[in-house]
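Asks: here is my input, please return the structure:
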Amino acid sequence: MGDVVLTFTQLAFVSALMTAALEVIFRTRAYQYYLGRGPDGAGSRWFTHFEFRPWIAMIVGVFVAYSFSLTALIEGLGIDLKDLVDVSPIGEGVVDVDVVITGIVLGGGAKAIRDVVKRFAETRDNIRSTLT
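Replies: Numbering: from 1, shown residues only. Just a heads-up that it's a prediction; the model follows:
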């Protein structure tokens, strides 16, 4: 098992930076008027029943994960990348899957990372209590 705490801390740092940067865009009147919830909260000019924020955040998260080769699963599990590619039926495609999952979690922001950490801790504790 890799250093899970370090991996989650690094993801939280990147996610915090992304969230702050995206908020600059999401708070502009242009975004709110054309793509966001609208100035009165009733929907934007072009999309009255659709909110783009999570989709934009997810796309940016995947882009950042690809740009910096962020792989939460590989790092968290402490797997040697060469060994993983050798045993995986999809070869190097396994890295792409990891990067996309990592990017989606990044796009979910700090709340998504806290949710992953919480679920991980609960599951780990349940396994420990079952085995003892």
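
Asks: pretty sure L11 contacts D115?
Replies: No. Here L11 lies out of contact with D115, judged by CB atoms under 8 Å, at a distance of 12.0 Å. In this view, the C-beta of every residue, glycine as well, is placed from N, C-alpha and C.

Asks: and the two? Which one has more around it.
Replies: In terms of neighbours (other CB atoms under 10 Å), L11 is the more surrounded of L11 and D115; the figures are 23 against 12.

Asks: and the gap between the more buried one and V100?
Replies: Look at L11 and V100: by CB to CB, to the nearest Å, they are 14 Å apart.

Asks: all helices for this structure, in order.
Replies: For the chain, the helices defined by DSSP state H cover 4-26, 29-34, 53-67, 72-77, 81-87, 93-107, 109-131.

Asks: nearest to W46, of those?
Replies: helix 29-34 (5.7 Å; CB to CB).

Asks: which parts of the closest one are buried?
Replies: Neighbour-count burial for helix 29-34 flags 31-32 (criterion: 16 or more other CB atoms under 10 Å).

Asks: from here on, call the first residue 708.
Replies: Okay, residue one is now 708; in that scheme the one you just asked about reads as helix 736-741.

Asks: can you tell me the average pLDDT over it?
Replies: Helix 736-741 carries an average pLDDT of 82.

Asks: helices and strands around the lowest-mean-pLDDT helix or strand in the chain, which ones?
Replies: Confidence across the helices and strands of the chain bottoms out at helix 788-794, with a mean of 72, counting by mean pLDDT, DSSP states H and E. Applying 3 or more CB pairs under 8 Å, 6 or more residues apart in numbering; DSSP states H and E, one finds that helix 788-794 makes contact with helix 800-814.

Asks: which residues sit against the helix it packs on?
Replies: With contact meaning CB atoms under 8 Å, 6 or more residues apart in numbering, helix 800-814 is reached by 718, 721-722, 725, 761, 764-773, 776-781, 788, 791-792, 795, 797, 819-820, 823.
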